[in-house]
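predicted model, plus sequence, below.
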Amino acid sequence: MAHAMWTGTISFGLVSIPVKMRAATSRKGVSFNQLHNKCHTRIQEKRWCPECDMEVSWEEVEKGFEVAKDEYVSFSAEDFESLPLASKNVLEVESFVEIGEIDPIQFESSYYLEPDKKGQNSYSLLRTTLEKKKLVAVGKITLRTKERLCIVRVYESFLLVETLLYPDEIFDANESPIAKVTSSKQELTIAEHLVDLMTKPFDPSEYKDNYREALESLVEAKVSGKALKSKAAKQTGKVVDLMEALRQSVLSAQKDGSSKKSTAKPATKKSSAKTEAKAPSKIAAKGTSKTEAKTTPNAVGKKTATPINKKRTKAS
């Protein structure tokens, strides 16, 4: 798990809960370096002072606020530490709300809260209370150089901090409103039927980053000197007739639903009773059988000695 990025207390009425905060998420992708296209040498980016005509180390860098053209007021790390903010070390709960009252556009980043040994009882008390009341706690926390609005909510066995954007950090949608168009009753009926066909419980494991997988395949092909087999791009033609597009979408959704149900192979006569008892719908939901997963290059859990995996192993 990531290192603690904030240490302080949650103030819950007169109760103080000593906690450590760690990042709960990480962005994944394929990283590239910038090269000079003539000699393929990695480009270096240097911090350069044009006045002194020299390279500057990080130890010599400070923040500055521009008050006029090329005129700055400088700020040191001590200046930021001296800010009179209680939220630097204390996440004070100001209110409790239902999470449905917060629009998802406000959510920013997620962090795990871990209790100190002395605060385990009070941590458990707050977590149990929030879970029972189905509420989240609203407060503020200072991270780096910004005081952030946040909520504390239950996530599995943890309390989780979700930082929120302030209202003035969200663009006003009313500045460029969308003209309202009235749909026909028949269009609404077919659209609602299409939505019903495609409605199912959300399972995040069913989704994957296809672009990242394609990039990884491209890197591995380049390193090994092999040609990458390209797939035909999905054609997205112009929608001329909305009703016809809706009907075709419904037929496609019905076809996809029936094909998924028939994905599972029927049990053979030699198969045991235990094998026959397995529900084929579970195999259909995953989209591939166990045998297929073993032969798939990007199957989850398979560790191959590819350039991408080697780099990740070194990083970890």
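Looks like it came in fine. These numbers come from a predicted model, not from an experiment.

hang on, residue 119 in a helix?
Yes. According to DSSP: H, G, I helix; E, B strand; the rest coil, the state of residue 119 is that of a helix.

where do the helices of the stretch 51-200 of the chain begin and end?
77-81, 120-133, 185-198 (DSSP state H, counting those that start in this stretch).

where does pLDDT dip in the chain?
Applying pLDDT under 70 to the chain flags the ranges 1, 232-240, 261-316.

could you pull out the strands for it?
Under the criterion DSSP state E, strands of the chain are mapped to 6-12, 15-23, 48-49, 54-55, 63-68, 71-75, 90-97, 107-115, 136-143, 146-155, 158-164.

tell me which of the ones you listed sits nearest to residue 197.
Closest to residue 197 of the strands of the chain is strand 107-115 (CB to CB; 29.2 Å). From N, CA and C alone the C-beta is placed, and that goes for glycine too.

the closest one packs against which elements?
Contact analysis of strand 107-115 by 3 or more CB pairs under 8 Å, 6 or more residues apart in numbering; DSSP states H and E lists strand 15-23, helix 120-133, strand 146-155, strand 158-164 as its packing neighbours.

what would the strands of the chain look like in TSV with distance to residue 34?
Below are those laid out as TSV (distance: least, CB to CB, whole Å):
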stretch	distance to residue 34
strand 6-12	33
strand 15-23	27
strand 48-49	17
strand 54-55	18
strand 63-68	26
strand 71-75	29
strand 90-97	39
strand 107-115	27
strand 136-143	30
strand 146-155	29
strand 158-164	31
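
reformat those strands as a markdown table; add mean neighbour count and distance to residue 258.
Shown next, in a markdown table, are these (neighbours: other CB atoms under 10 Å; distance: least, CB to CB, whole Å):
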| stretch | mean neighbour count | distance to residue 258 |
| --- | --- | --- |
| strand 6-12 | 18 | 51 |
| strand 15-23 | 19 | 43 |
| strand 48-49 | 10 | 64 |
| strand 54-55 | 10 | 66 |
| strand 63-68 | 9 | 61 |
| strand 71-75 | 10 | 64 |
| strand 90-97 | 15 | 43 |
| strand 107-115 | 18 | 37 |
| strand 136-143 | 20 | 41 |
| strand 146-155 | 18 | 37 |
| strand 158-164 | 21 | 40 |
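
nearest to residue 256 among these would be which one?
Among the strands of the chain, the nearest to residue 256 by CB to CB is strand 107-115 (30.8 Å).

what does that closest one contact?
1, 4-6, 10, 17-25, 122-124, 148, 152, 155, 158-165 (CB atoms under 8 Å, 6 or more residues apart in numbering).

returning to that earlier point: just say which of the helices of the stretch 51-200 of the chain is most tucked in.
Greatest average neighbour count among the helices of the stretch 51-200 of the chain goes to helix 120-133 (a mean of 15), per mean count of other CB atoms under 10 Å.

what residues does that one touch?
Against helix 120-133 from outside (CB under 8 Å, 6+ apart): 10, 12, 15-17, 19, 96, 113, 115, 136-137, 152-154, 158-159.

what's the angle between that helix and strand 136-143?
Relative orientation of helix 120-133 versus strand 136-143 (axes from the mean of the first three to the mean of the last three CA atoms, to 10 degrees): 130 degrees.

chain center to helix 120-133: distance?
26 Å (CA atoms, centre = their mean, to the nearest Å).

could we number from 373 for the rest of this?
Taking 373 as the first residue, the last one we looked at is helix 492-505.

now do that helix against strand 518-527, angle only.
Going by the same axes, to 10 degrees, helix 492-505 makes 70 degrees with strand 518-527.

report the angle between helix 492-505 and strand 378-384.
60 degrees.

any idea which of the contacts of helix 492-505 is closest to residue 542?
Using CB to CB, the contacts of helix 492-505 come closest to residue 542 at residue 508, 19.1 Å.

so what's that closest one bridging to?
Residue 508 has these beta-bridge partners by DSSP bridges: residue 469.

what residues are up against it?
468, 469, 470, 471, 474, 502, 523, 524, 525.

now do the contacts for residue 593.
By CB under 8 Å, 6+ apart, the contact set of residue 593 is 599, 600.
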